Structure formats: structure tokens, C-alpha cells
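Chemist: Please find the sequence and the predicted model below.
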Amino acid sequence: MDGGNLPIDELLGVKAVESIDFSGRGLSTMSAIIIGACIAGNRHLRELKLVDNSLGDEGWGAIFAAVCGSRISKITSIDASSGGISPEGAKLIGKALRNSVNASVTSVRASIGW
């Protein structure tokens, strides 16, 4: 993938970890879509760090839609700092948070790039 191999077993929850740090890995939209698809059913993951990646609006939307749309996910913290989130991406994130069926998310760090 764009930022190297993704730890699929950890993302799926096959190998139980509480935190995954993808900071500065050069991830883009495709990786974000894969990450989102994997983490939706993960019961172990609590923290996801995506600092300093350019996941694009679709990628950020996929991550937040997966977490917020899952009744199984236990993720409490997502760090999207320095992620180049555009106003459109912020709208997708806001929509996912507004429509969330998941009460575990309590902390989101993000910066909107204009």
C-alpha cells in the first residue's frame, strides 16, 4: 500500500491490541478505506492515531463512518491532527459523529486545512 504494509490482523481484531499508530506513514485514501473496513468490527482497539497523513475527504469519511456506524467498535480516541482535512472532509466527519450509533468515541483531535 501507499504507506507500507497494514497490520490487518490488528486492524480486524484477530490480534488484540488497544492502540495502533499510523502517524506520518504517508497513508492516502485507499489505505483509509481499507482501515475503515477493517476496524468496524474490532472489539479490542481503543485508540487510532492517524497524525500527519493525507487520507483525503473520502478516506477521513470512511474512517469516521466505520467507527461511528459500528455498535461493536470500542474506539474512544481518534487523532487526525495535521491530516489535511478540508471543510468537505470536516462535514463528512461531523455527519458521522452526528449519526453515530457508537457511544464510545469521546476524543477526536483534528485540524482543518484551508
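Modeler: Received the coordinates, thanks.

Chemist: Is residue 97 in contact with residue 106, as I believe?
Modeler: No - at 11.2 Å, residue 97 does not count as touching residue 106 under the criterion of Cβ atoms under 8 Å. No exception for glycine: its C-beta is placed from N, CA and C like everyone else's.

Chemist: More neighbours: these two, which one.
Modeler: The neighbour comparison of residue 97 against residue 106 (other Cβ atoms under 10 Å) goes to residue 97, with 15 against 8.

Chemist: Please enumerate the strands of this protein.
Modeler: Using DSSP state E, the strands of the chain run over 19-21, 47-49, 77-85, 107-112.

Chemist: List the buried residues for the last one?
Modeler: What that stands for is strand 107-112. residue 110 (16 or more other Cβ atoms under 10 Å).

Chemist: Also the third one?
Modeler: Using 16+ other Cβ under 10 Å as the test for burial, strand 77-85 gives 78, 79, 80, 82, 83, 84, 85.

Chemist: how about that strand as CSV, C-alpha atoms only?
Modeler: Backbone C-alpha positions of strand 77-85 (Å, rounded to 0.1, in the frame of the first residue of the first chain) are rendered in CSV as follows:
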residue,chain,number,x,y,z
SER,A,77,-9.9,8.2,20.7
ILE,A,78,-9.0,9.2,17.1
ASP,A,79,-6.1,11.5,16.5
ALA,A,80,-6.3,13.1,13.0
SER,A,81,-4.0,16.1,13.7
SER,A,82,-2.2,17.5,10.7
GLY,A,83,-4.3,15.4,8.4
GLY,A,84,-5.1,18.0,5.8
ILE,A,85,-8.8,17.7,6.4
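
Chemist: Quickly note the distance from residue 57 to residue 2.
Modeler: 16 Å (Cβ to Cβ, to the nearest Å).

Chemist: Which one of those two is surrounded by more residues?
Modeler: Taking neighbours as other Cβ under 10 Å, residue 57 and residue 2 compare with residue 57 leading, 19 against 14.

Chemist: Just to check, that one is in contact with residue 89?
Modeler: Yes - in this structure, residue 57 is within contact of residue 89 by Cβ under 8 Å, at 3.9 Å.

Chemist: for residue 69, phi and psi?
Modeler: phi -90, psi 0 (degrees, to the nearest 10).
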